[in-house]
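1. Sequence first, predicted model second:
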Amino acid sequence: MITVRNLYKRYRTAHGAGRWVLEDLSFSIPQRLSVGIVGANGAGKSTLLRILAGLDKPTRGEVERTCRVSWPLGFGGGLQGTLTGRQNAKFVCRIHGHEADIPERLARIQDFAMLGAAFDEPIRTYSTGMAARLRFAISLAFDFDIYISDEATSAGDAAFRQRAADEFRRRANEASVIMVSHDPGTLRKFCTAGLLISGGKAHWFDKLDDALQAYKETVPQ
Amino acid sequence: MIATHVPRSQLAVTLGVWRALILREAEAKLFASRVSWVWVLLEPVLHVGYLIVLYSVIRVRTVGDLDTAMWLMIGLQAYFMFRKTTDRVSTAANENSALYAYRQVKPIDTLIARAFLEGAMNLLATALLAALLLMMGHVLYPDFPLGLLQALFGMWMLGIGLGMTISAATSLVREIRLVLQVVLRPLYLISGIMFPIASLSKPWREVLMLNPVAHGVEMARMALSRGYEGVPETDPGYLFLSATILVLAGLVLQLRFAMQIAEQ
């Protein structure tokens, strides 16, 4: 369960405090409910994800996490180019305190990422899709209650996307996902509820389709 | 399911992160290319080597009753302990920014992990240099082994403190790095690594000994031999006081501006 109470966020810019990106958000996401976040570019979706994941602090208000929340899975970040996929995966195991069963987890990651021999090549030789697959596989090696995904599943080819969706469906009883995506198809595959971010406010919808519909209405024709 | 539901204590998380970062940094540093692990050890050897050749050309056999090779080597290694730690720590937060994607990792962790790695590498390089010099017939047996460690530790602390301070300062005002490059470069010349400060007149010595690095360099040499005539103004208290002030200032800045440092 993630509870957000009166969350405000703004960034400091070169000219002092910026505009409010998020203004007075309050909602709670129950366990095992997957939520799709929609909104225009720059509406504050990624900012909200970063705050939910604990990477950024709200300017005001608070976020309470009573379960294990993943880091935001998305493009860039978290991997070092000069190290191999295996070395990077090992690092993530270590910071999550799984020193004892590293081989077991590495096997799981290698298995899911399906990178073949590239798993032992430096990350900088990977294509965007390969890196995204590795990042996604690493996160699946840990049993998080909530996975936070910032367009993560849109990378990778169709086959990989299908496998990712299947994996989440298989885990539907113990894990859920909070995701940002501009692709309604992807959102429908993973999520049941929707959250629309618009004008710094958040609007909760129990049904994803209602959120998508409301989002469409905010877009000027 | 492998996972346990018991949350780790904050200390356990931090120690786990440090361990992971140190191992990862070591891997990245030693295996970045085919020769990088050789270079880590070879660089100080070459540096000391060419200074020794320089001194043998001008035929200085001893400095203040200490074998010139030893005098150069230990002074240089003490200086490097400070300088390399400063350089590596001050750039750690920026170079590891990809890792803040994991909420367990904070900028200060990357700085501390680098400091430990730099310190360990420097001790290793010093031991290697001592062994090489021993093979060339320069006997190194420090009269005060603990004093030597104390000097190196002081330089290490000074490096961490300055590195943390620079790291915070440059993430607030980027241009500071340009100024520091100009300001820090002469330190190599004025810290008494290539010439003995003890040979200068008292007023000059007093000015040069305002620099805490010079104290550390002399302390390391004094620890080698009780017969060594070092700079009379050398004061371990001054080195450790400066180091402590810098470490505290660095920690305060790192904590106060943690968000800005992570965002840069």
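-> Good, I have the coordinates. All figures in this text were calculated on a predicted structure; none of them were measured in a lab.
2. all contacts plus neighbour counts: C-alpha atoms, from now on.
-> Fine.
3. Can you spell out the domain ranges of chain A, please?
-> Residue ranges for the domains of chain A, per automatic domain parsing: A:1-68+A:144-221, A:81-142.
4. per-residue pLDDT, the residue of the stretch 1-150 of chain B found nearest chain A?
-> Relative to chain A, the nearest point of the stretch 1-150 of chain B is B:Ala98 (4.2 Å; CA to the nearest CA). pLDDT, B:Ala98: 84.
5. if I read this right, it contacts A:Gly78, doesn't it?
-> Yes - using CA atoms under 8 Å, B:Ala98 makes contact with A:Gly78 at a distance of 4.9 Å.
6. Looking at these two, which one has more neighbours?
-> Taking neighbours as other CA atoms under 10 Å in any protein chain shown, B:Ala98 and A:Gly78 compare with A:Gly78 leading, 22 against 15.
7. mind checking the SS state of the more buried one?
-> State at A:Gly78, reduced to three classes by DSSP: H, G, I helix; E, B strand; the rest coil: coil.
8. Phi and psi next, for B:Met209.
-> phi -80, psi 0 (degrees, to the nearest 10).
9. Can you give the contact residues for the strand or helix carrying A:Leu25?
-> Per DSSP states H and E: A:Leu25 is located in strand A:16-29. Here strand A:16-29 makes contact (CA atoms under 8 Å, 6 or more residues apart in numbering or on different chains) with A:1-12, A:35, A:43-44, A:48, A:61, A:200-202, A:204.
10. With respect to the domains of chain A, which exhibits the lowest mean confidence?
-> Among those, domain A:1-68+A:144-221 carries the lowest mean pLDDT, a mean of 85.
11. burial measure for B:Gly230, as a count.
-> 21.
12. Isn't it up against B:Asp65?
-> No - the pair B:Gly230 / B:Asp65 is not scored as a contact, 9.5 Å apart, by CA under 8 Å.
13. what's the spacing between the residue most central in space within chain A and chain B?
-> Central residue check for chain A by CA atoms, centre = their mean: the C-alpha nearest the mean position is that of A:Ser149, 1.7 Å away. Separation of A:Ser149 from chain B (CA to the nearest CA, to the nearest Å) stands at 12 Å.
14. and that residue, what does it touch?
-> Residues in contact with A:Ser149 (CA under 8 Å, 6+ apart) are A:72-74, A:177-180.
15. ok, 6 Å please
-> Under the criterion of CA atoms under 6 Å, 6 or more residues apart in numbering or on different chains, the contact list for A:Ser149 reads A:72-73, A:179.
16. does it sit in a helix, a strand or a coil?
-> Taking three-state DSSP as the rule, one finds A:Ser149 in the strand state.
17. number of nearby residues for the residue nearest to B:Pro196 when sequence neighbours are not counted?
-> Sequence neighbours aside, B:Val63 is the residue nearest to B:Pro196 in space, at 7.5 Å (criterion: CA to CA, 6 or more residues apart in numbering or on different chains). As a burial measure, B:Val63 scores 19 neighbours (other CA under 10 Å).
18. what's across from B:Val63 in the sheet?
-> Beta bridges link B:Val63 to B:Leu66 when assigned by DSSP bridges.
19. one step back: from the contacts of strand A:16-29, which land in strands?
-> Members of these lying in strands (criterion: DSSP state E): A:2-12, A:35, A:61, A:201-202, A:204.
20. Most neighbours among those, which one?
-> Highest neighbour count within the ones in strands among the contacts of strand A:16-29: A:Val35, with 27 neighbours (other CA under 10 Å).
21. tell me the contacts of that residue?
-> A:Val35 sits next to A:178, A:191, A:193-194 when contact means CA under 6 Å, 6+ apart.
22. Can you tell me which of those residues comes closest to chain B?
-> Comparing those against chain B with CA to the nearest CA picks out A:Ile178 as the nearest, at 16.2 Å.
23. Give me the three-state assignment for that closest one.
-> State at A:Ile178, reduced to three classes by three-state DSSP: strand.
24. for it, what are its contacts?
-> By CA under 6 Å, 6+ apart, the neighbours of A:Ile178 are A:34-36, A:148.
25. Which single one of these is nearest to A:Phe112?
-> Nearest to A:Phe112 out of those is A:Ile148 (CA to CA; 18.2 Å).
26. can you tell me how far the closest one sits from chain B?
-> To chain B, A:Ile148 is 12 Å away according to CA to the nearest CA.
27. Quick one: neighbours of that residue, just the number.
-> 26.
28. can you check B:Ile176 too?
-> Per other CA under 10 Å, the neighbour tally for B:Ile176 reads 14.
29. And it, how far from B:Thr170?
-> Remark: distance between B:Ile176 and B:Thr170 (CA to CA, to the nearest Å) = 6 Å.
30. returning to that earlier point: any chance of the contacts of A:Ser149 in JSON lines, with distance to chain B and neighbour count too?
-> Below are the contacts of A:Ser149 laid out as JSON lines (distance: CA to the nearest CA, whole Å; neighbours: other CA atoms under 10 Å in any protein chain shown):
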{"residue": "A:Pro72", "distance to chain B": "7", "neighbour count": "28"}
{"residue": "A:Leu73", "distance to chain B": "9", "neighbour count": "23"}
{"residue": "A:Met179", "distance to chain B": "16", "neighbour count": "28"}
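31. With respect to B:Gln254, which of those residues is nearest?
-> The shortest approach to B:Gln254 among those belongs to A:Pro72, at 24.3 Å (CA to CA).
32. That closest one contacts A:Ile146, correct?
-> No - judged on CA atoms under 6 Å, A:Pro72 makes no contact with A:Ile146 at a distance of 10.3 Å.
33. No further questions, thank you.
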